[in-house]
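Participant: Have a look at this fold, sequence not included:
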């Protein structure tokens, strides 16, 4: 018979509660706020671990050769993406706690941390890669792993060489032909005309990108999403009111929310750093606020999905679907 589970032992509290070792205490130069600094960053890394756990499970489901778009598995994917979004919101709100520390409080121990830096969070860089941030799209890619140990660099490189969530979403979308061959071309020709008529004069340039995204593929942009995947994603956004498309829409919308929360976290972090150290360099040698701003502006992982919103039209102008497609999307016998 198994022994009874003890709360303290189950949570390994002996290890966790004794894992805060302030540098200021070691040097006998007490800095009260260093404990807060350590606890918050340890909490970040624990939440990163949970984000990896959720992302890995989503990737495992999305890697299957076929995924029923009204199945419990897809519901699980949507649910776990939603959980990731909620965790990311918590990461943003943790900055509120960090900002109870004043710049002078931080200076009490800041120089003792060199060259340690949040820039060395290999878990966060690995998570970005798993979600779909490409190496060539990174800001500062020439040195973003320079301060990491070889084992952590290998972990990130492995993530970059594996299929990302964005790539798996592309494959999933490509398996979703909503219209039969022939009807598909007719629908998109009609839709392009409806889109053309919906554009204001100042928006006419948008039309030039339509074929590049939905027909030919814009090779110059090095996109992950293929034209057929883009058509499927836009179709889901346009007709999400149909029962069969509600879960797929929630999945796509959840990915955009992940990007939104990551962006919020980066900008809050950037503003906090500016408040704490102004224009000084980071403890790890980065340019501090300037680096964080450039990364925040560039590191949108699901940008290709977000850009599809530029090609939506008003509901009243949507092309009518044929009877067969309506039946399939609405579970009508």
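Facilitator: Ah, there it is. As the structure is a prediction and not an experimental result, all values here were calculated from the model. Numbers count the residues shown, from 1 in each chain.
Participant: mean confidence for stretch 257-269?
Facilitator: Across stretch 257-269, pLDDT averages out at 93.
Participant: and the next element down the chain from the one helix or strand residue 49 maps to?
Facilitator: Element membership of residue 49, judged by DSSP states H and E, is helix 34-62. For helix 34-62, the following helix or strand on the C-terminal side (DSSP H and E) is helix 72-98.
Participant: tilt between that next one and helix 34-62?
Facilitator: 170 degrees (axes from the mean of the first three to the mean of the last three Cα atoms, to 10 degrees).
Participant: Which residues does whichever helix or strand comes after helix 72-98 contact?
Facilitator: On the C-terminal side of helix 72-98, the closest following helix or strand by DSSP H and E is helix 103-107. Outside of helix 103-107, the residues within contact range by Cβ atoms under 8 Å, 6 or more residues apart in numbering are 31, 32, 33, 37, 275, 276, 277. The way it works is simple: take the backbone N, C-alpha and C, and place the C-beta from them, glycine included.
Participant: Tell me the buried residues in helix 103-107?
Facilitator: For helix 103-107, the neighbour count (16 or more other Cβ atoms under 10 Å) marks 105, 106 as buried.
Participant: Ok, stretch 130-143 next?
Facilitator: Buried residues in stretch 130-143, counting neighbours by 16+ other Cβ under 10 Å, are found at 130, 131, 132, 133, 134, 138.
Participant: How far off centre is that stretch?
Facilitator: 13 Å (Cα atoms, centre = their mean, to the nearest Å).
Participant: ok, now stretch 102-114?
Facilitator: Using Cα atoms, centre = their mean, the mean C-alpha position of stretch 102-114 is found 31 Å from that of the whole chain.
Participant: Also stretch 199-207?
Facilitator: With Cα atoms, centre = their mean, you get 30 Å for stretch 199-207.
Participant: how long is that stretch from one end to the other?
Facilitator: Stretch 199-207 has an end-to-end distance of 9 Å (Cα to Cα, to the nearest Å).
Participant: Any regions of the stretch 151-300 of the chain where pLDDT drops low?
Facilitator: For the stretch 151-300 of the chain, applying pLDDT under 70 flags the ranges 181-182, 218-221, 278-289.
Participant: can you do 50?
Facilitator: Applying pLDDT under 50 to the stretch 151-300 of the chain flags residues 283-285.
Participant: residue ranges for the helices of it, please.
Facilitator: Along the stretch 151-300 of the chain, counting by DSSP state H, counting those that start in this stretch, helices occupy 165-174, 183-198, 206-214, 227-238, 243-277, 289-298.
Participant: Buried residues of the third one, list them for me.
Facilitator: Neighbour-count burial for helix 206-214, with 16+ other Cβ under 10 Å as criterion, is recorded at 210, 212, 213, 214.
Participant: Now distance to residue 85 too, for those residues, in JSON lines please.
Facilitator: Output for the buried residues of helix 206-214, formatted as JSON lines (distance: Cβ to Cβ, whole Å):
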{"residue": "210", "distance to residue 85": "30"}
{"residue": "212", "distance to residue 85": "30"}
{"residue": "213", "distance to residue 85": "26"}
{"residue": "214", "distance to residue 85": "28"}
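Participant: Out of the helices of the stretch 151-300 of the chain, flag the one nearest residue 50.
Facilitator: The closest of these to residue 50 is helix 243-277. By Cβ to Cβ, the value is 13.9 Å.
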